[in-house]
Each structure stands twice: as C-alpha cells, then as structure tokens.
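Visitor: below is the sequence, then the predicted model.
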Amino acid sequence: MTSPPNSSKSTSPFLASSLLRTPIQRVLARGQAGEKVRVQGWVRTRRDSKGVTFLELNDGSCLAHLQVVAEAGHPALRELAPVTTGSGVALEGLLVQSPGAGQAVELRLERVLLATPSHPEYPLQKKRHTLEYLRTIAHLRMRSNTLGAVFRVRDRLFHAIHGFFRERGFLFLAAPIITASDAEGAGAMFRVTTLDVETPPRSSSGSVDWSKDFFGKGAHLTVSGQLEGEAFALAYHDVYTFGPTFRAENSNTARHAAEFWMVEPEMAFADLAADRALAEAFVREVLGQVLEQCREDFALFEKHWEPGLLAKLDHVVKSSFEVMDYGEAVGHLETSGEAFQFPVSWGADLQTEHERWLTEKKVGRPLFVVNYPKAIKAFYMRANDDGRTVAAMDLLVPGVGEIIGGSQREDREDVLRERMREMGLPLEDYQWYLDLRRYGGVPHAGFGMGFDRLLMYITGMSNIRDVIPFPRVPGYVEF
C-alpha cells in the first residue's frame with residue numbers, strides 16, 4: 001500500500017515521549033518520590049564527581065533549581081557529554097528523595113530527550129553579576145536569579161492589576177497608542193510620521209505641511225490613555241486602561257524611561273474622595289496578592305537588594321492612609337528644620353525629597369496630598385472654589401515618594417475651555433473632549449500609576465532599566 005504524501009514518521013524526541021512537561025516549580029512543591037517526570041530547562045551548573053554528573057536545572061517557573069543526577073555508567077552520560085552551563089536540555093527521570101538540604105526531591109536521570117550545548121563563552125557563569133553588566137546582555141539577563149525573579153513578579157503584578165479591576169466590574173479599554181492629543185499638555189511627545197524627513201512637504205509659510213502626512217495632521221505616540229478613558233467612563237461608568245505610554249523627555253536618570261506602562265482607571269459619578277478610596281484599595285490589594293504569590297522571589301530581593309523590603313511593603317498593605325492638604329504639607333516642610341536641596345514654598349511642586357520627608361518622617365505611613373496649586377497641574381483637573389487650587393491628589397509612600405497621581409476631572413465645559421485657552425492648547429484638536437462635557441457630562445475622576453515605577457518599589461530595584469524587559473532610554477533602543 002502506498003503511503004500518502006508527508007506521512008513520514010516524526011523523529012521529534014518530544015513526540016516519542018509519553019510524558020508531558022512538568023514545571024520545576026511544581027516538581028519542587030508537590031513532586032513525590034517514585035514519580036516519573038519530564039523536565040525542560042537550562043543548565044545553571046554542572047559538576048562531575050567519580051563518574052556521577054550533577055546538573056542544576058532551571059526553567060524560569062521559580063527561583064529554585066532542580067538537581068538532576070546521572071549515575072556512573074548510565075548510557076545517558078554520553079549524550080550529556082557536551083552539556084555545559086547555559087545548555088538547553090529536556091530530560092526524563094524518576095523523582096527520588098534528595099539526601100541534600102534545600103529540596104525534598106531530585107531527579108534521577110533515565111533518558112535524555114534533547115541536549116543542545118551552549119558556547120563556551122556563555123556570559124552567565126556561576127557567580128554574582130552586577131546589574132550594570134546584566135543590562136549589556138538584556139537578551140539573556142532574564143536567566144539570572146535576580147532578573148528572573150523581577151520578571152516573574154512583573155507577570156504576577158500584571159495579572160493582579162487586571163484581576164483587581166475585573167472583580168469590581170471595570171471595563172478594560174485598550175487605548176490608542178497613536179494620538180493627535182497631548183493629554184498632559186507638556187509637549188514631550190514622539191512624533192509619528194511617514195513623511196520624508198530629508199525633504200518634507202512645506203506650506204506657503206515654509207513650515208512642514210502635516211496635511212500631507214499619513215493621518216492628514218500631526219500625530220504622536222501617546223503619553224496617556226486618560227482622555228480616551230474619560231470618553232468610555234461616560235458610557236460605561238467604570239473603565240481602566242493599562243498599556244504602553246511614551247515620553248520624549250531627555251531624562252537619563254534611574255527613574256525615567258521613554259517607553260513605560262501606565263494603569264489608568266476612570267470613574268463616572270465620582271469625586272476626589274472616591275478616587276482616593278479606589279487608589280488605596282488598589283495599592284493594598286495588588287501588593288498583598290503579589291507578596292503572597294512570590295514569597296521566594298521577595299526573599300531574594302530582601303536578602304540581596306533591599307534589607308527590610310518585606311517589612312516596608314507589609315507596612316503599606318496594613319497601614320491606614322493619611323490625607324493632607326497641599327498647603328498644610330508645605331507648612332510642615334517649611335517648619336521642618338530640614339536642609340532640603342530644593343526650596344519649599346506655596347506654589348512650588350513637591351520634589352521627591354519633600355514627599356519622602358512627609359511620608360517617612362511626618363506621618364510614617366502612606367499619605368495622600370490633595371488640592372494642589374492650579375498653576376502646576378494639568379488642564380483637565382477640576383478647579384476648586386478658591387480659584388487657586390485643583391481637586392488633585394498624589395499618593396506618597398515611604399521609601400520612594402509619589403506612586404500615584406490623580407484628580408477629579410473638570411466637568412464644566414466653560415471652565416475647561418477657558419483653562420485650555422490659558423495653557424495655549426489648540427481647541428480644535430480637543431473639540432471631542434469638550435463634547436464630553438456638552439453631551440451628558442457628569443462629575444468623574446481617575447488616577448494614573450506608572451506600572452514600572454511600582455515594580456521598582458516592590459522589588460527594591462533602584463533603576464527602572466532593571467524592571468523593564470527591553471528598556472528604551474535616551475541613546476538606547478536595542479532589540
């Protein structure tokens with residue numbers, strides 16, 4: 001009988017095996033002696049002693065490694081001959097009770113399904129590498145203990161945030177990345193264009209004619225999904241956006257990146273008090289959940305990067321949050337006796353040193369500072385009756401300062417229009433935003449939180465480049 005085309009038998013070692021992969025996290029947590037398993041991962045260390053080979057294997061599912069033992073004379077040793085640190089392997093074997101401390105079971109090797117050797121110059125050897133060095137190999141650094149832990153926590157935090165809003169009935173909005181509106185009114189935006197940058201079309205005045213561009217007008221990468229979130233909140237009540245945002249600020253610091261993720265909820269029929277309540281619940285719950293799920297990873301951060309980290313985070317989760325008016329905060333700072341680097345006076349924006357003093361030394365717990373001067377805040381914030389301040393809030397936490405910024409939005413069309421004129425914003429570009437006030441506008445509020453900044457805070461990492469998988473910063477856009 002003639003075989004049909006393409007019916008040749010597969011030689012895949014995985015298809016030849018009847019076992020499915022078991023994550024190393026599951027093996028170490030629930031594996032029982034006598035259980036046969038298949039594991040796949042990358043070799044962290046190899047040691048040969050008296051004909052016996054010991055491998056430490058990690059697959060990214062947890063911080064710990066699984067010890068694999070290939071006994072002397074076993075046929076699999078020939079297949080393991082080229083395996084060194086960094087090699088990728090798929091192995092089958094029997095779980096046995098481990099005689100060593102640290103893990104209940106180890107794998108007694110029975111079969112090698114795959115062994116791909118690593119080059120001898122593999123840059124992650126068995127030693128502690130600096131974070132600065134690991135940034136030079138961002139495509140491999142997630143295999144290190146520290147960055148592996150950071151990105152596991154990043155994943156758990158991501159899901160905790162979505163879960164928090166889903167449980168409260170919030171609608172998720174994937175806000176556009178390309179926009180014609182500057183939500184912050186600051187102008188630090190990346191331009192998006194298909195025009196020839198060498199010879200762009202010119203208007204009669206000599207300026208670039210953006211009407212000839214792809215969208216027929218100037219376009220940029222978004223700095224925030226807030227404005228679009230407001231439109232959806234005024235139809236669905238409670239919504240949130242969670243996605244990448246971009247700032248073209250040439251700030252080459254440990255806290256700034258050109259591309260980062262923002263969490264931005266918006267609530268209709270809500271004022272500043274409701275905004276504060278949501279922000280407090282948000283911080284408590286997502287932090288508590290991630291601490292519970294990533295105990296092993298946080299133990300590493302506590303030991304190697306920030307002693308006292310767990311106590312700091314536990315304090316935030318369990319403390320009551322203070323509320324203080326901006327004017328009161330400035331008064332405390334002015335009479336503190338501290339020699340601040342930046343002068344303190346009513347009307348000036350609070351700097352990190354001021355925020356940390358307030359939350360660490362004055363109140364000793366998380367603090368909402370509210371009702372900031374109108375002149376230092378964005379155009380969309382609701383003006384208070386005093387004519388000097390807006391219904392804005394910043395949540396400050398010990399150890400870092402501001403972690404969330406939010407406000408009640410200006411829902412009065414005439415007041416908003418005048419504010420936009422004062423700030424020189426082109427009203428024609430924001431007519432749709434003004435329409436939200438004309439057609440059933442109601443009081444509404446929301447906040448924004450930098451996801452990567454929060455991740456820095458909870459992992460003890462001091463540089464934002466170490467919590468973003470492939471960071472984009474001034475002068476650097478690799479991968």
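Guide: Happy to help now that I have it. Numbering: from 1, shown residues only.
Visitor: now Gly405, which residues is it bridged with?
Guide: Judged by DSSP bridges, the bridge partners of Gly405 are Asp394, Gly448.
Visitor: only the C-alpha atoms, please, for the strand ranked longest in the chain, written as PDB.
Guide: Among the segments of the chain that qualify as a strand by DSSP state E, the longest is strand 36-49. Taking C-alpha atoms only, strand 36-49 is exported to PDB below (Å, rounded to 0.1, in the frame of the first residue of the first chain):
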ATOM      1  CA  LYS A  36       8.300   9.800  36.800                       C
ATOM      2  CA  VAL A  37       8.500  13.300  35.200                       C
ATOM      3  CA  ARG A  38       9.800  15.100  32.200                       C
ATOM      4  CA  VAL A  39      11.600  18.500  32.800                       C
ATOM      5  CA  GLN A  40      12.900  21.000  30.300                       C
ATOM      6  CA  GLY A  41      15.100  24.000  31.000                       C
ATOM      7  CA  TRP A  42      18.600  25.400  31.000                       C
ATOM      8  CA  VAL A  43      21.600  24.200  32.900                       C
ATOM      9  CA  ARG A  44      22.800  26.600  35.600                       C
ATOM     10  CA  THR A  45      25.700  24.400  36.800                       C
ATOM     11  CA  ARG A  46      27.400  21.100  36.000                       C
ATOM     12  CA  ARG A  47      29.500  19.100  38.400                       C
ATOM     13  CA  ASP A  48      31.200  15.700  37.700                       C
ATOM     14  CA  SER A  49      32.400  13.600  40.600                       C
END
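Visitor: for that strand, which positions count as buried?
Guide: Residues of strand 36-49 classed as buried by neighbour count (16 or more other C-beta atoms under 10 Å): Val37, Arg38, Val39, Gln40, Gly41, Trp42, Val43, Arg44, Arg46. Every residue, glycine included, has its C-beta placed from N, CA and C.
Visitor: where exactly do the strands run in the stretch 351-479 of the chain?
Guide: 367-373, 389-397, 401-408, 444-450 (DSSP state E, counting those that start in this stretch).
Visitor: what count of nearby residues applies to Thr352?
Guide: Residues contacting Thr352 under the criterion other C-beta atoms under 10 Å number 14.
Visitor: repeat for the one 3 residues further on
Guide: Burial of Glu355, expressed as a neighbour count using other C-beta under 10 Å, amounts to 23.
Visitor: residue contacts, it?
Guide: Val369, Asp394, Leu396, Gly401, Glu402 (C-beta atoms under 8 Å, 6 or more residues apart in numbering).
Visitor: how close does it get to Phe368?
Guide: The gap separating Glu355 from Phe368 is 12 Å, by C-beta to C-beta, to the nearest Å.
Visitor: list residues touching both of these two?
Guide: Shared contacts of Glu355 and Phe368 (C-beta under 8 Å, 6+ apart): Asp394, Leu396.
Visitor: format the buried residues of strand 36-49 as CSV; extra columns: distance to Ser203 and pLDDT.
Guide: Formatted as CSV, the buried residues of strand 36-49 follow (distance: C-beta to C-beta, whole Å; pLDDT from 0 to 100):
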residue, distance to Ser203, pLDDT
Val37, 69, 97
Arg38, 66, 97
Val39, 65, 97
Gln40, 60, 97
Gly41, 60, 97
Trp42, 57, 97
Val43, 62, 97
Arg44, 61, 96
Arg46, 67, 96
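Visitor: between those residues, which is nearest Gln293?
Guide: Distance to Gln293, by C-beta to C-beta, is smallest for Gly41 among these, at 21.0 Å.
Visitor: isn't Arg382 right up against Gly406?
Guide: No: applying C-beta atoms under 8 Å as the test, Arg382 and Gly406 come out as separate, 11.4 Å apart.
Visitor: who has more neighbours, those two?
Guide: Gly406 (27 against 21).
Visitor: residues near the closest residue in space to the more buried one that isn't next to it in sequence, how many?
Guide: Computed as C-beta to C-beta, 6 or more residues apart in numbering, the closest residue to Gly406 that is not its neighbour in sequence is Phe447, at 2.6 Å. The tally of other residues near Phe447 (other C-beta under 10 Å) stands at 25.
Visitor: show me what contacts Phe447?
Guide: Glu264, Pro265, Asp275, Leu278, Ala279, Met393, Leu395, Ile404, Gly405, Gly406, Ser407.
Visitor: for the fifth one, phi and psi?
Guide: For Ala279, the backbone dihedrals are phi -60, psi -40 (criterion: degrees, to the nearest 10).
Visitor: near it, how many other residues are there?
Guide: Using other C-beta under 10 Å, Ala279 has 24 other residues around it.
Visitor: how distant is stretch 469-479 from the center of its chain?
Guide: Centroid separation between stretch 469-479 and its chain, computed with C-alpha atoms, centre = their mean, to the nearest Å, is 15 Å.
Visitor: quick one: mean pLDDT over it.
Guide: Average pLDDT, stretch 469-479: 92.
Visitor: picking that back up, Phe164 is nearest to which of the strands of the stretch 351-479 of the chain?
Guide: That would be, of the strands of the stretch 351-479 of the chain and by C-beta to C-beta, strand 444-450, which comes in at 11.5 Å.
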